[in-house]
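Visitor: What shape does this take:
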Amino acid sequence: MATSEQLAHSIDCRWLLALYALIPLSLLAIVVDTLLLNGQGIHQYLPDRPEQWPFWTVIFGLPHIIASLLTMSDREYLSFYRRSLLWPLIIFAAIASAGHFGPQPLSYNLLFVIFAFYTIYHVLAQQLGLTLMMMGIAPSRLFRYWKWTSVLAGFAIYINVYGQQYMGNMAFSLGDRVIDIQQLFTWIAALLCAAQLILAWRLAPSSRHRIGVWYMWSNVALLLSALLINHIGYTLFVILIPRVIHDLTAYTVYITHDRNRNRQGRINPLYRLTGGGRLSPLLLLPALSIAIAFVLSSHQHYPVISIAILTVSFLHYYFEGFIWRGPNPHRNYVNFIR
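Guide: Residues are numbered from 1 along each chain as shown. The predicted model follows:
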């Protein structure tokens, strides 16, 4: 258990809430582009999808996953989590390999669906878990309904954005009718967003802290804005907004953890091998994780690298589901201020 002296750095929940200012700022940019530039400015100077933007692939997505692995790279953590992570690592590597080398296109399509759902679940579970903490309540049945409605809505929106790109033509014939799967997922997402709005309204009075209510409604706005923005054709922002909020939240937690854990002595060899502790995790962790992610991303056309990236991504999603709660050592070095 970390002492109060070791927990010199805390996470201010107001900072985590402030990250959601990206939503109104993005909506303002879209309104200006639509009204003043006839909808051509953003589409002319920015890519339609973030993965077409070299800056995006270097900074967001994989780097925070690498950062989470770097926080675990000391002897105590590896010993503590070894049994919890070994079999999931093998299973995830097998899933990633099967997606690449199994019968195509079925194997790749299944891999996309699994990865897409786990990605959305991971992103929203983190944000909604923080909501629960800020509200200061136990996970009630109503909260679980809200959580899973939000996750399914996010998944429907994600499939709407990327389904055709990764799965081809998303339509099938039913008698004389042609069913457009993409349009179907749009309606599903809209209904689920309406449901999570109603559930949030019912959940709000149970919060013990005002900031928890604000954070809850910010996550409602996250999904509603994604649905709206995707409908009007600004796909870049559909992916950019949640990714930036999620990644900056994650880096805030990782950096705070590493600053506290290595405050009185450089436990993690990462900080011993890079200048004997002269470089703060505030600088070193993002720089090193971005550099490693850049090298991996630059070579992901090789199957072994692509499989490795998928495997560590799956593993990250898995262990992030438990290391920050309960009796796990990670949680001892992170403190939140409401």
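Visitor: Verify the contact between S206 and M135 for me.
Guide: Yes - using C-beta atoms under 8 Å, S206 makes contact with M135 at a distance of 7.1 Å. All C-beta spots, glycine's among them, are computed from the backbone N, C-alpha and C.
Visitor: Look up the closest residue to L27, ignoring the ones flanking it.
Guide: S225 (6.4 Å; C-beta to C-beta, 6 or more residues apart in numbering).
Visitor: And S206 and M135? Which one has more around it.
Guide: M135 (22 against 15; other C-beta atoms under 10 Å).
Visitor: and that one, what is it in contact with?
Guide: Contact analysis of M135 by C-beta atoms under 8 Å, 6 or more residues apart in numbering lists S206, S207, R208, H209, G212, V213, Y215, M216.
Visitor: The residue nearest the centre of the chain and L78, how far apart?
Guide: Compute the mean C-alpha point of the chain, and by C-alpha atoms, centre = their mean the closest residue is V123, 3.2 Å away. Distance from V123 to L78, counting by C-beta to C-beta, to the nearest Å: 26 Å.
Visitor: how near is N262 to T256?
Guide: 11 Å.
Visitor: Pull up the overlap in contacts between those two.
Guide: By C-beta under 8 Å, 6+ apart, no residue touches both N262 and T256.
Visitor: Go through stretch 134-153 and flag the buried ones.
Guide: By 16 or more other C-beta atoms under 10 Å, the buried positions in stretch 134-153 come out as M134, M135, I137, F143, W146, K147, W148, T149, S150, V151, L152, A153.
Visitor: Which of the helices or strands spans the residue nearest to the centre of the chain?
Guide: helix 106-135 (DSSP states H and E).
Visitor: buried ones in that helix?
Guide: 107-108, 111-112, 115-135.
Visitor: same check, this time on stretch 8-23
Guide: So, applying 16+ other C-beta under 10 Å, buried residues of stretch 8-23: H9, I11, C13, L16, L17, L19, Y20, L22, I23.
Visitor: ends of it, how far apart?
Guide: With C-alpha to C-alpha, to the nearest Å as the measure, stretch 8-23 spans 31 Å from end to end.
Visitor: and it, average pLDDT?
Guide: Computed over stretch 8-23, the mean pLDDT rounds to 94.
Visitor: Over to stretch 119-129?
Guide: In this model, stretch 119-129 has an average pLDDT of 96.
Visitor: what's the offset of it from the middle of its chain?
Guide: 6 Å (C-alpha atoms, centre = their mean, to the nearest Å).
Visitor: Report the backbone C-alpha coordinates of that stretch in PDB.
Guide: Written as PDB, here are the backbone C-alpha positions of stretch 119-129 (Å, rounded to 0.1, in the frame of the first residue of the first chain):
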ATOM      1  CA  THR A 119     -12.300  -1.600 -28.600                       C
ATOM      2  CA  ILE A 120     -15.700   0.200 -28.100                       C
ATOM      3  CA  TYR A 121     -16.300  -1.700 -24.800                       C
ATOM      4  CA  HIS A 122     -12.800  -0.800 -23.600                       C
ATOM      5  CA  VAL A 123     -13.100   2.900 -24.400                       C
ATOM      6  CA  LEU A 124     -16.600   3.300 -22.900                       C
ATOM      7  CA  ALA A 125     -16.000   1.100 -19.900                       C
ATOM      8  CA  GLN A 126     -13.100   3.300 -18.900                       C
ATOM      9  CA  GLN A 127     -15.100   6.500 -19.300                       C
ATOM     10  CA  LEU A 128     -18.200   5.100 -17.600                       C
ATOM     11  CA  GLY A 129     -16.100   3.500 -14.800                       C
END
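Visitor: Contacts for that stretch next, please.
Guide: Applying C-beta under 8 Å, 6+ apart, the set of residues contacting stretch 119-129 is 146-147, 150-151, 154-155, 158, 219, 222, 242-243, 245-246, 249-250, 313, 316-317, 320-321, 324-325.
Visitor: Next, check these against the helices and list the overlap.
Guide: Among those, the members found in helices (DSSP state H) are 146-147, 150-151, 154-155, 158, 219, 222, 242-243, 245-246, 249-250, 313, 316-317.
Visitor: which among these end up buried?
Guide: Buried among the ones in helices among the contacts of stretch 119-129 by 16+ other C-beta under 10 Å: 146-147, 150-151, 154-155, 158, 219, 222, 242-243, 245-246, 249-250, 313, 316-317.
Visitor: helices and strands of this structure: which one has the lowest mean pLDDT?
Guide: The least trusted helix or strand in the chain, going by mean pLDDT, DSSP states H and E, turns out to be strand 171-174, with a mean of 62.
Visitor: circling back: which stretch of helix or strand covers the residue nearest to L27?
Guide: Under the assignment here (DSSP H and E), S225 is part of helix 210-231.
Visitor: Give the buried residues for that helix.
Guide: 211-230.
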